[in-house]
Structures are given as structure tokens and as C-alpha cells.
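Student: Fold the following, please.
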Amino acid sequence: MRSLRALALLALAAAVLAAIPAAGSGQEPAYAVGAVFDDANRNAVRDAGERGIEGVRVSNGRSIVTTEADGHYRLPVGDDTIIFVIKPSGWMTPADGNNLPRFYYIHKPNGSPKLLYKGVEPTGPLPASVDFPLYRHKEPKRFQAIFFGDTQPANQQQVNYTAHDLVEELVGTGARFGVVLGDIVGNDLSLYDTLVPAIGRIGVPWYYVKGNHDTNYDAAPNHDLTDETFARVFGPSHYSYDYSKVHFVVLNDPYWGRLGSYTAELDPQQMAFLQSDLALVPDDQLVVLMMHIPIVELSNRTEIFRVLEKHPFTFSISGHWHIQQHFFLTKKDGWNGAKPHHHLVNGTACGGWWTGAPDEVGIPHATMSDGTPNGYSVITFDGNKYSIRFKAARRSADYQMNIFAPEEVKSSESGETEVQVNVFAGSERSKVEMRLGDVGEWIEMQRVSREDPFYLQMKKAEAGPNPPAGAKLPGPSKCAHLWTAKLPKDAPAGTYLVTVRTADMFGQSYTASRVIRVL
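Tutor: Residues are numbered from 1 along each chain as shown. As a prediction, the model looks like this:
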């Protein structure tokens, strides 16, 4: 008896085949054939004696086939198809000089239409064999990956900020690869030409997600043509790959509709791909969905949930909001999995769009509207488990919070004086405590939803008679990771450290202190 997943795959395959013109209809169906092979000498060419690899998944963006014993596959294609290999664990695809993985072949015989930003050149007829090289690659069970929210430079100066603020400190990283979670640039797609080489200097493979600002706007409302420049530079806008025991899926969730604007959803082709793809993923693997717009915004998220919740180990991550926030989705959110689904809205590399006062080397502080500094996440994967650590750009790895308290307070008023702390990567599963002095009792702090007090001070300074240099910060937003508590009543006069300690959902602990005077 066939499994439900197998039946689902057969149904999807039938739907794909039904969409291909039948013989005699005046348009003959086209198929790509080729092989996935062990590129032993890593020259990206199949030389004599290089064997095919069995059981590797290959996709046309909708359906998936697995290679036969000799490494061969056969897939239907149209005149605008990207064929790609789904990298298996223990193997790696070639990468170019900018550390872009090259795992795909674009079949676009007539090329892209004429657009403001260059698309794909005509590819001509299909080659006799579309082959994909892989080479053996040791992938440990425990590894790290770097996740940038929106890099989003609007001009070359902001590309330079990205290079100096983030790239330079990551050169020599022990992470195995990196991901930019969409809005790679801010509408000017020519900036790919300088941003991608800069990020490539980090020295590890980088995968890219398409954002709403990575769009060929002059192609809208034709959704299928809004990623022509993205395809030329990065290849498919949705795909997947395995690394060690983790299955990563890249999705393109800005959908361009009839009015020339976008909504947040996956188009039917991606939904078909996602269902086919996840049906082939073992239950003991962690499935990680990577997208630009947060999953909580997607109009067809419940359809995505039905596919994803069949897997016991899941996580998803996005950018787009220019704040940082954790979600734990349950039945009230439409998620029916056995345990809540964790979604992270990742902090952005450009922070608040490179706004704010420049520092001593001319780089804006770019604080996000919830008070989070610009930066990135370092995620450690260990089998089907993971942990997340936020890293503020050019700051110590221990810089994980800001404590807001008055410089001085009267002893008689200490019990009514509030301390606030913004724990940048905190969530509802974090525990946050504070104490006054070295021997005071630890006081549990309460999570609140309000605007970050330091951010409000910066906005107030912008409106004052002597505003700081730099572009104005965006308006403040509610912070989802702010905690508060009051100082002990009638604290004796003296100079103290207010110390805050926090433990997150992964068991990681951080401590910070602030000096305060009691009068």
C-alpha cells in the first residue's frame, strides 16, 4: 500500500504532466535530460570515469525527480524554466568567485524581455545533457550558519557600510554558509554587482532569498517576470538543499498581483514544489523555511502549515520588518503541529535603513525601530536541534541588551523607580532578572510591550534645536523584547551596579550592568 506522501507526489506529478502540451496539440512537450555526477577533480566538467550519483533530487521548480543508478534524470521544461539540483548532505555544488553556489541551469531560449535592469540573456536550445557536478564535502552534525536580514543598500555608499560594518568582522568565520533573507538591495538592482562580491569576501557560500525590493518593477504586474534580474545573478527564487541533518528551503513570498503591488503569499508553483520537496524529507530531519516576509503575514500560511506540520522538527526565519521578534505559533494561529512552530523575524543587517548619526568612522548606528542594533544571527545546528545567538555589528559578542535607568534617584523614591531592559534576542521564553548592588536579591522582571526608551530619546534629539548628523531614524515601534521592574524600596544612599541577567530558550545566559547613584 502506497504511503500518503507517495500518493501526494503521484498526484502532483500527474498535475505537472497534464500542464505539458500533448503530442498532436501543435506544441510538443520538452524534457531536460542529464546527469548528476561526482566531480572528482572539481573542474565542473564531466570527465571520463566520473560516475553518476544515484538518488539525488532534481527539480524544475514544481516537480522533483530522483536520479537513477547512473545519475541520470528526466524533467519536463517550458520556455522559462530553471532546473536545479537539490544538494544532498555530504556533497557540495560548485561556487563562483563571489561564493555564489552554482546548482542550476536556466532554460530561457529567448531570454528576458527588455527591462530597466538586465535579465537573462537568451539561452538557446536545451543542451543534449544538462549535467550537475557535485563533489564530496564533509558536513559535521554540529555546524553554524549566518543569517542577515535585509542588507538593502540604496546606493554604493551603503554597500560600503555593509562591507565595513558586517563583512570585515566575519572574514575567517567558522560558519559553513550564510543567507541573506531578502531585500538584498533597495530597488537599484545594479547594486548586486558590488554588494555580492563584497559579501563573497567573507569566504563561505552565500544563499540569497528574494525580497520585495529585489523586483523588476517594470515587469509588474506579471509576477513571473519580476525576478528576471534576480535569476540572472542568483538563479531560482525558490529551491532547497540539505546540509548535514538539516533541510533548508528558500521561498519567494512577495507575490506581485494585478495592480502592480505585492501581497504576501506563495504562488501555486512554489506550493507544488514545497509539497513535493517536503514529502521526500525524512521525519528525523530539521526543516528550515527561509523567506523574506514573515510567515505570519502570508495569506496562504495555513496551506503551508498543513505541509510543514507533518514534520516534527521545524523552524522558519524571515526579515522584512526591520525589527527582531520571535513567534511561537499554536492552534490559535492556525498551526496544528504537536508543538508550537518557532518563527524568527531576524534583525536586519542595514538596521533602520542605515539611518542615525554616523560614528567615528562614518557609519550610521542604524538602530532598528524597536531599539535593536543592526546585526545578524549566528545559528548553531546540531542534528535536528538549533540555537540562535544575535550579534550586533562591530560590537562584542556579549553585547546582548541595553539597560535604561536614571543616572540618580532619591532613596525615598527608589521603590517607584523603573528599570527597563531591551534584551535584543529575547522572547516570551526568556527569563530576565535584575538586582541592585553585589548582594541584593534578584528581582524577576516582567515583559512589556512598549517603545524602547533609548530609541525615544534619540527621536526626541532629532526633533530638538541641535539634531544629530545623519539621516533621521524611522518612527519608533513596539518592542517585543523589553522587560521592566522597580528598584528595591528605600535603597541606601550610594553608587551601585544595576545588574541584569537573562537566560534564553536555548539555555544561553547573558549579563550586563549599569551604574546608578542613590541619593
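Student: For the spatially most central residue of the chain, give me its contacts.
Tutor: Nearest to the geometric centre of the chain sits L181, at 3.3 Å (C-alpha atoms, centre = their mean). L181 sits next to 147-150, 209, 211, 290-292, 317-320, 346 when contact means C-beta atoms under 8 Å, 6 or more residues apart in numbering. From N, CA and C alone the C-beta is placed, and that goes for glycine too.
Student: What segments of the stretch 1-150 of the chain are strands?
Tutor: Assigned by DSSP state E, counting those that start in this stretch, the stretch 1-150 of the chain shows strands spanning 30-38, 57-59, 64-66, 72-77, 81-86, 91-92, 104-107, 132-136, 142-148.
Student: go on, the stretch 251-400 of the chain?
Tutor: Using DSSP E, counting those that start in this stretch, strands in the stretch 251-400 of the chain cover 254-256, 262-264, 286-290, 314-318, 325-329, 341-345, 375-382, 385-392.
Student: Tell me the helix or strand right after the last one.
Tutor: Okay, so that is strand 385-392. Using DSSP states H and E, the helix or strand that follows strand 385-392 in sequence is strand 401-404.
Student: And the contacts of that following strand?
Tutor: 371, 419-424, 426, 452-454, 498, 500, 502, 510, 512-514.
Student: so how far is the first residue of stretch 388-405 from its last?
Tutor: Stretch 388-405 has an end-to-end distance of 28 Å (criterion: C-alpha to C-alpha, to the nearest Å).
Student: Averaged pLDDT, that stretch. What do you get?
Tutor: The pLDDT scores in stretch 388-405 average 98.
Student: same question, stretch 498-514
Tutor: 98.
Student: Name the nearest residue to P125, ignoring sequence neighbours.
Tutor: P109 (6.6 Å; C-beta to C-beta, 6 or more residues apart in numbering).
Student: pLDDT weak spots in the stretch 351-500 of the chain?
Tutor: Residues of the stretch 351-500 of the chain meeting the criterion pLDDT under 70: none.
Student: For the residue nearest to the centre of the chain, give its distance to F230.
Tutor: Distance, L181 to F230, using C-beta to C-beta, to the nearest Å: 14 Å.
Student: sorry, back to before: looking at the contacts of L181, spot the one nearest D79.
Tutor: Of all the contacts of L181, D79 sits closest to V209, with 25.5 Å by C-beta to C-beta.
Student: neighbours around the closest one, how many?
Tutor: Each residue near V209 was counted by other C-beta atoms under 10 Å, and the total is 28.
Student: quick one, strands of the stretch 401-519 of the chain?
Tutor: Taking DSSP E, counting those that start in this stretch as the criterion, the stretch 401-519 of the chain carries its strands at 401-404, 408-409, 418-423, 431-436, 443-444, 446-451, 478-486, 494-503, 509-518.
Student: What is the second one packed up against?
Tutor: By that I understand strand 408-409. Contact analysis of strand 408-409 by 3 or more C-beta pairs under 8 Å, 6 or more residues apart in numbering; DSSP states H and E lists strand 509-518 as its packing neighbours.
Student: could I get the strand it packs on in CSV with only the CA atoms?
Tutor: Output of strand 509-518 as CSV, limited to C-alpha atoms (Å, rounded to 0.1, in the frame of the first residue of the first chain):
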residue,chain,number,x,y,z
SER,A,509,22.9,33.2,29.6
TYR,A,510,24.0,36.9,29.4
THR,A,511,24.7,39.6,31.9
ALA,A,512,25.0,43.3,31.7
SER,A,513,25.4,46.2,34.3
ARG,A,514,24.7,49.9,34.6
VAL,A,515,25.9,52.3,37.2
ILE,A,516,23.3,54.2,39.2
ARG,A,517,23.5,56.7,42.2
VAL,A,518,21.1,56.6,45.1
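Student: Please identify the buried residues of that strand?
Tutor: Judged by neighbour count (16 or more other C-beta atoms under 10 Å), strand 509-518 contains these buried residues: Y510, A512, R514, I516, V518.
Student: go on, stretch 141-148?
Tutor: Buried residues in stretch 141-148 (16+ other C-beta under 10 Å): F143, Q144, A145, I146, F147, F148.
Student: same check, this time on stretch 384-391
Tutor: N384, Y386, I388, R389, F390, K391.
Student: Touching it from outside, list them.
Tutor: 245-246, 284-286, 288, 313, 315, 324, 344, 347, 372, 375-380, 397, 400, 424-425, 506-508.
Student: From the chain's centroid, how far away is it?
Tutor: Here the centre of stretch 384-391 is set off from its chain's centre by 13 Å, with C-alpha atoms, centre = their mean, to the nearest Å.
Student: residues contacting P205?
Tutor: Counting by C-beta under 8 Å, 6+ apart, P205 has contacts M92, A95, N99, L100, P101, R176, F177, G178.
Student: Now the third one: closest residue in space that isn't a chain neighbour?
Tutor: The reference is to N99. The nearest residue in space to N99 (C-beta to C-beta, 6+ apart) is G200, at 4.3 Å.
Student: Wait, the one you found touches N98, no?
Tutor: Yes: assessed by C-beta atoms under 8 Å, G200 is found in contact with N98 at 3.5 Å.
Student: quick revisit: and the residue nearest to N99, what pLDDT?
Tutor: pLDDT, read off for G200, is 98.
Student: Could I get the contacting residues of it?
Tutor: Contact analysis of G200 by C-beta under 8 Å, 6+ apart lists G97, N98, N99, L100, W206.
Student: how about Q508, what does it touch?
Tutor: Here Q508 is in contact with S387, R389 (C-beta under 8 Å, 6+ apart).
Student: Oops, could you answer that again for Y161 instead?
Tutor: Residues in contact with Y161, defined by C-beta under 8 Å, 6+ apart, are P153, C350, W354, I363, P364, A366.
Student: closest to K332 among those?
Tutor: Lowest distance from K332 to those (C-beta to C-beta) belongs to C350, with 33.0 Å.
Student: Now the closest one. Its backbone dihedrals?
Tutor: phi -90, psi 0 (degrees, to the nearest 10).
Student: would you say A198 is within a helix?
Tutor: Yes: assignment of A198 by DSSP: H, G, I helix; E, B strand; the rest coil places it within a helix.
Student: doesn't Q156 make contact with it?
Tutor: No: counting by C-beta under 8 Å, A198 stays clear of Q156, with 10.5 Å between them.
Student: Neighbour count: the two, which is higher?
Tutor: A198 (19 against 14).
Student: Read off the pLDDT value for the residue nearest to P125.
Tutor: 96.
Student: Number of residues surrounding it?
Tutor: Count around P109 with other C-beta under 10 Å applied: 12.
Student: hang on, it packs against D79?
Tutor: Yes: between P109 and D79 there is a contact under C-beta under 8 Å: 5.7 Å.
Student: related to what we said a few turns ago, which neighbours do G200 and N98 share?
Tutor: If you check G200 and N98 against C-beta under 8 Å, 6+ apart, the residues they both contact are W206.
Student: List the buried residues in stretch 437-446.
Tutor: Within stretch 437-446, the residues that count as buried by 16+ other C-beta under 10 Å are G437, G440, I443, M445.
Student: Relative to P492, how far out is the second one?
Tutor: With distances taken as C-beta to C-beta, G440 is found 11 Å from P492.
Student: The third one too?
Tutor: In this structure, I443 and P492 are separated by 16 Å, where distance is defined by C-beta to C-beta.
Student: just F143 next, same as before
Tutor: 51 Å.
Student: Give the rounded mean pLDDT of stretch 64-81.
Tutor: On average, stretch 64-81 scores 97.
Student: Report the beta-bridge partners for H72.
Tutor: Judged by DSSP bridges, the bridge partners of H72 are A35.
Student: N155: neighbouring residues, count only.
Tutor: Residues near N155, counting by other C-beta under 10 Å: 13.
Student: Show the pLDDT at it.
Tutor: At N155, pLDDT is 98.
Student: ditto for A6
Tutor: So A6 comes in at 37 (pLDDT).
Student: now do W91
Tutor: 98.
Student: R258 now?
Tutor: With respect to pLDDT, R258 scores 70.
Student: shouldn't it be in contact with H223?
Tutor: No: taking contacts as C-beta under 8 Å, R258 lies outside contact range of H223: 9.6 Å.
Student: more neighbours, those two?
Tutor: H223 (18 against 9).
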